[in-house]
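Chemist: Curious how this folds, go ahead:
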Amino acid sequence: CAIEVRAAEEMASLTAAEPPSTARTQLPYAELAFATPPDSPQPVLQTQYAESAYPELTYVPPYPPPPAAGPAPPKCCEICGSCDGCQCNAAWCRSGWKLGLELYGLVGLQDPPRQDVREAVGICRRAGISVAMITGDHPATAAAIATQVGLRRPADPVLTGAELPADDDRLGEVVDRDGIVLARVAPEDKLRIARALQARGHVVAMTGDGVNDGPALREADIGIAMGQSGTDVAREASDLVLLDDHFATIVSGVEQGRATFLNIRRFLTYHLTDNVAELTPFVLWALSAGHFPLALGVLQILALDIATDTLSAVALGAEPPGRHNLERPPVRGRLLNRTVARRAFGVLGPTVAAFTMAAFLASFAVAGWRPGDPFPGGDVALAASGAAFMAVVIAQTANAFACRSSTVTPGVLGWTSNRLLLWAVSIELAIAVALVFYAPVARTLGQANPPFAGWVVALVGAVAVLLVDRLDKRRRRRHRSAQPTISTTIPK
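Modeler: Numbers count the residues shown, from 1 in each chain. So this is what the prediction gives:
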């Protein structure tokens, strides 16, 4: 009440000098009326709940005032000036009330796509990745953005969620094409699309940022959520979170993923080749019932696996992505596929094993041993075992460069393009030489310094590995070029 009285006093002071009139104002809790009686110089406050001693005061109703009797005035638009009907199609100006506004201009807001999105979409297409737009925006907006970033071509369709087939098989046929734009799509439609594409054998990567995108992100093979604008639900349901909300980051992730997959195959080829060479002496010893001496002992094999093979394997696992990694369809199949098995067990492994046993026998031969004679023991056997050990190490050094690619020779790739591999090979050779020449360690491993013939055979074994690798890759290229080219097109 005190607030209302003070407000009334302020209003009275403003209207004291004016002639008798009626004024009003509206406070949060009361409708107040002011009037100046003829016999009083001060205005008198009147509310709709209080009685007044002055009959000149009349009740002032709250807003809006009742319309005056008589014909209604014409309703004219303040924007276009039309009194017969609004021509500017603005809902707020068709009411007929004069708003007293003047149009100064219109403001349009645009969130343009990033500049490198167009290039990223082109890289996806060259890499054999189909890209589709699924959005809840208007079809015209979706088509304009898709055309701007190069996703939609003139012949690519623009469909709405209401136009999608109810049958999942038919839905897969409709959406299974590159460049399609789907607008006004509900979250449940997004989930159906992911399942329909998976049923057709595709690996589906789905992006999203809202709470409603959670089921689709969970259902997709690779759910990708936005890290900056995405919700907590989307990030929890996804497999991958983009910290910069950048589409080009997805392309970089695809490139790194393909490189990692190929690096694991290189790693497997390198280790399986070494295993063939290490297993061969035991096979010969077992088949001969112990008459053929064991070229490599258990401690030597442990030294090969731990001290001389680890660094090269790690360097192969860190091989940088190739220049044409995203210019061909994705690599499919298992890690241990036919190519890895053929190269490890049929090409490189037997070559390393053959020169390992050759260095072992050459060390006996220079000591006077001939086929059919019993094998000597003592220092000759230790030196022969040392020659087999160094033959494996040196051949594996060449094999590390050969395993960098299953189709390209090391010379084409560049001998120094993987600096980590150069350091790994150098350190491993130094460790192997130390294990042979340092007498206490050599005696513990059961080996000694090889003779000159053993060193020669070991070095020739490295050259032989590179030569066999070159011939195998050349044969494979000829075989692939002789096959007929099968062109594939995206169904329309």
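Chemist: in the stretch 51-200 of the chain, which spans are strands?
Modeler: Assigned by DSSP state E, counting those that start in this stretch, the stretch 51-200 of the chain shows strands spanning 133-134, 158-160, 181-183.
Chemist: Any idea which of those gets closest to residue 382?
Modeler: With C-beta to C-beta as the criterion, residue 382 lies closest to strand 133-134 of those, at 70.0 Å. Just so you know, the C-beta spots here come from the backbone N, C-alpha and C atoms, and that holds for glycine as well.
Chemist: still on that earlier bit, deepest of the strands of the stretch 51-200 of the chain, which one?
Modeler: strand 181-183 (a mean of 23; mean count of other C-beta atoms under 10 Å).
Chemist: List the contacts of that one.
Modeler: By C-beta atoms under 8 Å, 6 or more residues apart in numbering, the surrounding residues in contact with strand 181-183 are 132-139, 141-143, 146, 151-152, 156-161, 164, 175, 189, 193.
Chemist: show me what contacts residue 229?
Modeler: 209, 245.
Chemist: gap between it and residue 220?
Modeler: From residue 229 across to residue 220, the span is 19 Å (C-beta to C-beta, to the nearest Å).
Chemist: Same check on residue 328?
Modeler: Residue 328 is 24 Å from residue 220, where distance means C-beta to C-beta.
Chemist: higher neighbour count, those two?
Modeler: Legend: neighbour count by other C-beta atoms under 10 Å for residue 328 and residue 220, higher for residue 220 (26 against 12).
Chemist: Secondary structure class of the closest residue to the more buried one other than its chain neighbours, three-state.
Modeler: Of all residues beyond its chain neighbours, the one nearest residue 220 is residue 206 (3.7 Å), with distances taken as C-beta to C-beta, 6 or more residues apart in numbering. Classification of residue 206 by DSSP: H, G, I helix; E, B strand; the rest coil places it in strand.
Chemist: closest one to residue 295 among the strands of the stretch 51-200 of the chain?
Modeler: Closest approach to residue 295 among those (C-beta to C-beta): strand 133-134, 62.3 Å.
Chemist: what about the closest one, distance to the chain center?
Modeler: Offset of strand 133-134 from its chain centre (C-alpha atoms, centre = their mean, to the nearest Å): 17 Å.
Chemist: what's whatever helix or strand residue 257 lives in packed up against?
Modeler: For residue 257, the element it lies in under DSSP states H and E is helix 247-287. Counting contacts by 3 or more C-beta pairs under 8 Å, 6 or more residues apart in numbering; DSSP states H and E, helix 247-287 packs against helix 117-126, strand 240-242, helix 310-317, helix 338-342, helix 349-365, helix 379-402.
Chemist: And the shortest one, what does it pack against?
Modeler: Contacts of strand 240-242 with other secondary structure elements, assessed using 3+ C-beta pairs under 8 Å, 6+ apart, are made with strand 222-226, helix 247-287.
Chemist: hmm, 10 Å instead?
Modeler: Applying 3 or more C-beta pairs under 10 Å, 6 or more residues apart in numbering; DSSP states H and E, one finds that strand 240-242 contacts strand 205-208, strand 222-226, helix 232-237, helix 247-287.
Chemist: would a markdown table of those with mean pLDDT and distance to residue 334 be doable?
Modeler: Compiled in a markdown table, the helices and strands packed on strand 240-242 are given as follows (pLDDT from 0 to 100; distance: least, C-beta to C-beta, whole Å):
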| stretch | mean pLDDT | distance to residue 334 |
| --- | --- | --- |
| strand 205-208 | 92 | 21 |
| strand 222-226 | 93 | 19 |
| helix 232-237 | 92 | 29 |
| helix 247-287 | 91 | 10 |
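Chemist: No further questions, thank you.
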